[in-house]
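# Below are the sequence and a predicted model for it; my questions follow.
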Amino acid sequence: MPLKKLIFKPGVNRDQTNYAGEGGWYACNKTRFFSGFPQKIGGWALFTSSQYQGVCRSLFNWASGVASTLGNYVALGTNEKIYVATGPTLHDITPLRTIAPNIALASTFVNTTSGSPTVTFTFAAVHNAATGDWLTISGVTGPVGGISSASLNTEFKITSVPSTTTLTVTTDTNATSTTSGGVAGSGAFQIAIGSTISLSGYGWGIPSWGGSTSSPMTGWGVAAVAPLAVPIRLVYFDKYVDDLLFNIRYGDIYYWNVDTTFPRAVTLTASGLPGVSSVPSQVTQILFDGNSNVLLAFGCTAYSTLTYDPLLIRWASQANFANWAPSDDPGISTAGYLRVQQGSAILKAINNYSEILVFTESSLTSLKYTGTFPYVFSQNLISANITLIAPNAIIAVNNVLYWMGHDKFFSYNGRVEGLPSTLRQHVFENINITEADQFFAASNERFNEIWWFYCSSGQSVIDSYVIYNYAEQLWCYGNCDDGMIRTAWTDSPLNAFPQGASAGRDTTVTPAVYAQGDNYLYDHESGVDAGALPLPAYIRSADIDLEDGDKFVLVRRIIPDVSFTGSPSSSAAVDMTLYPRNFPGDPYAAANAEGQTLPRSIAITTNVNQFTTQVFSRVRARQIAFEISSEDLGVAWQLGAPRFDGRTDGGRA
């Protein structure tokens, strides 16, 4: 039998059976396709030098051109904090809450317990804080119980709330005595933390228990009459010239001036900017339109009322993002509003070339700047028959939009089209739709890729991804093991690498939840390893018939074709495995009547490096699958066209 070249169709196909997909790829992890051939994905390396608090859901990269603040900035929005990173350094700009942000401490307010780092603070008024919220204590004269002033006058995460006027925190040292004391001082309370996963129910587990303030109301400790839903916290960033604007979904608009030494952000209403007026609240999302120089709010409270309208679009006066009050005189204000006509709520708005595309749960509307007062923007319905699975599951690349619907993928390049996928069943039949708000799309333009990160069935944290190569129209997939849980992403031309926000997973509970673990920003496609650890990767083919499957073939040797370009290790190697079987329903191992594994019908794995010319094997089967994999540090690989040598070996099993 002459040498047989193994050239497979690029892309992974799970929407056919393994046998029907002959000549293609069937399973993979941490691999991609480049020029039609599979290779291991790039690794990642630390970008930030310190951890952020909470689960990061939003990243936004921008540059300042002001001489005093010249630089590259990355904004991070977690469920607990808002940060701005300059290089590897994180700066906390989390706003204070708007209601009673500062509360004085009572006369005797510090209580310590000997041998414990736990301190109880007592306030002169009801603090309305919850476990997990953040506050900063200042002005306390110590020491108290052996805990110094420096250890008391700092930022704390609240560990418990014994009463409406007391709370406990954990200091960095143990008290030497049990006592009460302290002189003066106050607490500055940051905005309340948000949820890391979607929650719903009637009582325990829904913050606060019995905390329904809408009709019908319930009291403390009383289960809600109707189920309560607590969405995860999503933060939307944008910029005006050099300054940062953001909103927390269904919350206020905040402003941060870049020309400062990293103070806290403030609400736009309280910013003191010239002409600030009628700023909307309960905003689903803000977006700055560079074509018109206008800041818009999608889904918000109506002008002059506190009524939230999930389909309302409002915009600030042109070139004055602080003034939201409409006027009959364009010299005073060009602020205005309109209402999306299809759907029940705006999920996401996204800039795309000369238009803003507005998504509801079932429609897509184009919003365009007219330049004519008072109709500053006009809307045009593009489609009333689409779905969007999550607000962040959409991305624009090269003026084309790609997004994940409820049961398929879509694209928009002037018209909406379903995106053909060879992994449609693999993704949408194994997905946790209740945690859809966590799903997000990411771009990796260096490799012409769109990544979607999502929760698979039964999982409450992101654990899976799927990749679409839009240049070659190829798909592949994988899981987020080996330290690749990502919860947000940015691929900006301002940085050399795409950046991903990591998270930890607490597997001591079922289903797993997010844990305070990794919580760093990473540069992706940097190196070939998972930080300091190896990055395992593999890809396996669908089954290949040997001699059309009517006779057995004994595979005697393999002639590999692998490139190790980019491997820092001088001993880089991969494993090549042949998986034999006789029928599509067989396992990848054959046994005789006594249940003994047949020696020539078991998977054969051989180690291959750059100097390997050929490897010998003894595999007997009607069909085989081929796999290439690696598990060691310092290994990068791309598969070429390996060949195998075999001979017919009869027709009997």
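Yep, it's here.
# alpha carbons only for contacts and neighbour counts from here, please
OK.
# tally of neighbours for Pro117?
By other C-alpha atoms under 10 Å, the residues close to Pro117 number 16.
# pretty sure it contacts Thr171?
Yes - judged on C-alpha atoms under 8 Å, Pro117 makes contact with Thr171 at a distance of 5.1 Å.
# which residues are common contacts for those two?
Here Pro117 and Thr171 share no contacting residue, scored by C-alpha atoms under 8 Å, 6 or more residues apart in numbering.
# list the buried ones in the lengthiest strand in the chain?
If you go by DSSP state E, the chain has its longest strand at strand 102-112. For strand 102-112, a neighbour-count test (16 or more other C-alpha atoms under 10 Å) marks 102-106, 109-112 as buried.
# same check, this time on stretch 512-526
513-514, 517-526.
# Could you do stretch 565-572 as well?
567, 572.
# Could you export it as CSV, CA atoms only?
Once non-C-alpha atoms are left out, stretch 565-572 reads as follows in CSV (Å, rounded to 0.1, in the frame of the first residue of the first chain):
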residue,chain,number,x,y,z
THR,A,565,8.0,27.6,14.9
GLY,A,566,7.6,29.9,17.9
SER,A,567,8.4,27.3,20.5
PRO,A,568,10.8,28.7,23.1
SER,A,569,11.7,25.1,24.2
SER,A,570,14.6,23.5,22.4
SER,A,571,13.0,20.1,23.1
ALA,A,572,9.5,20.9,21.9
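# tell me the average confidence for it?
Averaging pLDDT along stretch 565-572 yields 94.
# mind checking how far it is from the chain centre?
Once both centres are worked out by C-alpha atoms, centre = their mean, to the nearest Å, stretch 565-572 turns out to sit 31 Å from its chain's centre.
# Stretch 524-539 too?
The answer for stretch 524-539 is 19 Å, by C-alpha atoms, centre = their mean.
# Going forward, count from 223.
With the count now opening at 223, the last piece we talked about shows up as stretch 746-761.
# first to last residue in it, what's the distance?
20 Å (C-alpha to C-alpha, to the nearest Å).
# Can you list the buried residues in stretch 509-517?
Going by neighbour count (16+ other C-alpha under 10 Å), the buried part of stretch 509-517 is 509-511, 514-517.
# Give me the subset of the residues you listed lying in strands.
Per DSSP E, these map to strands at 509-511, 516-517.
# May I ask which two of the residues you listed are separated the most?
Leu509 and Val516 (8.6 Å; C-alpha to C-alpha).
# what touches both of the two?
Between them, Leu509 and Val516 share no contacting residue, judged by C-alpha under 8 Å, 6+ apart.
# what's the closest non-adjacent residue to His648?
Arg236 (6.1 Å; C-alpha to C-alpha, 6 or more residues apart in numbering).
# The one you found: what's it in contact with?
Arg236 touches 248-249, 644-645, 647-648, counting by C-alpha under 8 Å, 6+ apart.
# now swap in Pro720 and tell me
666, 711-714, 745-747.
# Can I get the buried ones among the contacts of Arg236 as something I can paste into ChimeraX?
Listed next is the ChimeraX selection for buried residues among these, using 16+ other C-alpha under 10 Å:
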select :248,249,644,645
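# and the angle for the helix or strand that the longest strand of the chain is followed by with strand 324-334?
Sequence order places strand 340-345 as the next helix or strand after strand 324-334, per DSSP states H and E. Interaxial angle of strand 340-345 relative to strand 324-334 (axes from the mean of the first three to the mean of the last three C-alpha atoms, to 10 degrees): 140 degrees.
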